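A.B. asks: Any chance you can model this:
(2 chains)
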There are 2 protein chains.
Amino acid sequence: MSQSSLPRIGILGGGQLGRMLLQAAANYPVETHVLENDPECPAAHLCHHFTRGDIRKEEDVYNFGKNLDGLTIEIENVNTAALERLEKEGLRIFPRPSAIKTIRNKILQKGFYREHKIPSAGFFVTHSLEELKTHEYFLPAVHKIGEGGYDGRGVQIMASAKDLEKGFDQPAVLEKKISIQKEISVIVALDRQGRCTAYPPVEMIVDPVLNLLDYQFCPAGLDKNSSREAADIAKRVAINFNSPGIYAVEMFLDKEGRILVNETAPRVHNSGHHTIEANHCSQFDMLWRIMLDYPPGNTAYILPSVMINIVGAKPYEGQVHYSGLEEVLGIENCYVHIYGKKQTRHGRKMGHVTLLGEKREELISKAKKIKETLLPVVLPVK
Amino acid sequence: MSQSSLPRIGILGGGQLGRMLLQAAANYPVETHVLENDPECPAAHLCHHFTRGDIRKEEDVYNFGKNLDGLTIEIENVNTAALERLEKEGLRIFPRPSAIKTIRNKILQKGFYREHKIPSAGFFVTHSLEELKTHEYFLPAVHKIGEGGYDGRGVQIMASAKDLEKGFDQPAVLEKKISIQKEISVIVALDRQGRCTAYPPVEMIVDPVLNLLDYQFCPAGLDKNSSREAADIAKRVAINFNSPGIYAVEMFLDKEGRILVNETAPRVHNSGHHTIEANHCSQFDMLWRIMLDYPPGNTAYILPSVMINIVGAKPYEGQVHYSGLEEVLGIENCYVHIYGKKQTRHGRKMGHVTLLGEKREELISKAKKIKETLLPVVLPVK
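C.D. replies: You can find the predicted model right below:
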């Protein structure tokens, strides 16, 4: 059969999540495979076997998966018909295609929270603009399309009746607008034996324009009860998906102190990047432990941390150069992760920085400095 | 010229040191290259460009290096004639070929310590068995061949006159035998600006048969003065080699409390493996910082640690399987690194485990358990 007796694990997608997964994989006896269209993607050179193909095409995904022992994803936008065939044939998929399908459709996702009594904003399903307009009394609310929305696309805020015209004339959810006090996220690990472990909650600040995470603190500024409640809710989400893997459960703490789930990603996630240096076991290490049937690692944090995304910005578009890298690496306990993307463009995640330190205020002020200093730029042609 | 504007850094050798270097490299904007004969070596699949070739052949090393921006080594046994040509042509080599040549010849290495007043055991150079015999009065001593010895080969202990016959009839050093209290090692980083940083000393226990490191504790059980002295000596070694890079300076604390340098490796080293999880900046990260002209990282340790080598042992020889892996990964703050070698054999370094914890006694007892539990075995053919 195979030349190697190592378990063969594949990743659908070859971006930064795949890259960091592969950095962690090199600690274990595992043969790694990546499926991705771009042979120069961040993860391409770090796997044992790179396969060029489209993660959204059924035959590409099926052919990639059929000789593997396990499969995971970098992104939800993958061909689930192929995954369902592979699962039927016995392949272990982290997360299971059923979880991916539920999560990437906002209508199914909201229904899942309701069914499992997981606190989340009240909502209606709307199928047309006409139907949306019958819910004027429910405003202020947020209208989100069922399938295809991401990073702020497919989302409209409905503050008052005049906004209803901007709604979507397709299946969508109309979600009660929450008075947000804080945005938090909890990374949870669920293994094949049902052991479920949560990382300490992190607190996020999101760029209102790009809807990309800007800074993230760990541990979140929550009281003990809220922190425990957030971890409990996140675990219930993972357990009810009934699918081993890593989940990022993004939640709101509203102004009345309630914790409500916003959305879940069934995979390693931006809000867990700090765990590489700030926690004893990183989210990437944890996913390998789950996929290779090892016991879960220690989710405790070593020191408080702040994580800063390095995002492409105007006017820079083209071959990237990192300005300020040396200065940022001179900051004590500052860890830089550059993802190896060749081109920068507005809004593209190019890397991240994690900074460890005792004091929250100091971390915040240094994070601002890092954000201003480390920039993906394009050098003028000489 | 090059399609990529990234610095191109090469590694001579593709073993576990290269593998761990490449895991760390993926954080930075760098294009990685490996030269190695075995295309299935531990580092082969983790670099951007793998070149098959012999690190001991001048043309292979020269051709590999001539299009790079920097070069480092995994092992001292490389072709230095090629490195000298490359250095003359402007290539940055970490360490410089002059340092490699001094270190891999025991006569030159001992002369270097004497010249730079670095404390080390007293010695004579002997050129023949005849000459050796004239130093009977100097026993007990250790006879070490000038070039070609490693891992216990090329070393003979001369306890009394009758051992002189076992000496080497070739250029060698006869070193005064030290009454060893402890074996310690200090990893030092020297950058191109001359900044020199030492990691906290580690304490080693060596297998008397294979001469392979068995356990290693950090921080070493030294009083403050000895600890500072060890770091100072190690820094002087690095500075006097006048060559940026990482050095592992192995030293003895003798029974009179003196610290004496035993030998130096001019590269990332087994005695620095714990720094991946136990220190804020690992030795591998540190070498990239040096090679890419970034500031040095923080060498402080996060928690005390013990590091255990996983070494192939009789009767197992053949395709490796790791017995006890799951059990060991169930120990809190236990980190496993399996190097991806396909075949195990007696004495081969197959991986290592680092364990973090507060209490030295607990670390030692768990280390013993890990050593007995995690075994590279060969499964019977079904």
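
A.B. asks: mean confidence for the top helix by length along chain A?
C.D. replies: Longest helix in chain A, counting residues (DSSP state H): helix A:224-241. For helix A:224-241, mean pLDDT rounds to 97.

A.B. asks: From the contact counts, what lies against it?
C.D. replies: With contacts taken as 3 or more Cβ pairs under 8 Å, 6 or more residues apart in numbering or on different chains; DSSP states H and E, helix A:224-241 sits against helix A:97-104, helix A:106-115, strand A:180-190, strand A:196-198, strand A:245-254, strand A:259-265. For the C-beta atoms, the positions are set from N, CA and C on the backbone; glycine is no exception.

A.B. asks: Let's have the ones you listed in CSV, adding mean pLDDT.
C.D. replies: CSV is the format used below for the helices and strands packed on helix A:224-241 (pLDDT from 0 to 100):
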stretch, mean pLDDT
helix A:97-104, 96
helix A:106-115, 97
strand A:180-190, 96
strand A:196-198, 98
strand A:245-254, 97
strand A:259-265, 97
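
A.B. asks: could I get the ones you listed as TSV with distance to chain B and mean neighbour count?
C.D. replies: TSV is the format used below for the helices and strands packed on helix A:224-241 (distance: least, Cβ to the nearest Cβ, whole Å; neighbours: other Cβ atoms under 10 Å in any protein chain shown):
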stretch	distance to chain B	mean neighbour count
helix A:97-104	25	21
helix A:106-115	32	18
strand A:180-190	13	23
strand A:196-198	12	20
strand A:245-254	17	24
strand A:259-265	22	21
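
A.B. asks: will you turn the ones you listed into a markdown table that also has distance to A:E277?
C.D. replies: Shown next, in a markdown table, are these (distance: least, Cβ to Cβ, whole Å):
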| stretch | distance to A:E277 |
| --- | --- |
| helix A:97-104 | 28 |
| helix A:106-115 | 31 |
| strand A:180-190 | 15 |
| strand A:196-198 | 19 |
| strand A:245-254 | 18 |
| strand A:259-265 | 21 |
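
A.B. asks: give the contact list for whichever residue of the stretch 51-200 of chain A sits closest to chain B.
C.D. replies: In the stretch 51-200 of chain A, the residue that lies nearest chain B is A:R195 (10.9 Å; Cβ to the nearest Cβ). A:R195 makes contact with A:P295, A:P296, according to Cβ atoms under 8 Å, 6 or more residues apart in numbering or on different chains.

A.B. asks: follow-up on the earlier one: do you know which of the helices and strands packed on helix A:224-241 lies nearest A:I205?
C.D. replies: Within those, the stretch nearest A:I205 is strand A:180-190; the backing value is 7.5 Å (Cβ to Cβ).

A.B. asks: other SSEs contacting the closest one?
C.D. replies: Short answer (3+ Cβ pairs under 8 Å, 6+ apart): strand A:180-190 packs on strand A:196-198, strand A:202-206, helix A:224-241, strand A:245-254, helix A:283-291.

A.B. asks: and that strand with strand A:202-206, angle?
C.D. replies: Relative orientation of strand A:180-190 versus strand A:202-206 (axes from the mean of the first three to the mean of the last three Cα atoms, to 10 degrees): 130 degrees.

A.B. asks: Need the contact partners of stretch A:327-336.
C.D. replies: Counting by Cβ under 8 Å, 6+ apart, stretch A:327-336 makes contact with A:276-277, A:303, A:325, A:351, A:353-357, A:366, A:370, A:373-374, B:27-28, B:280, B:289, B:294-295, B:297-298, all of which sit outside it.
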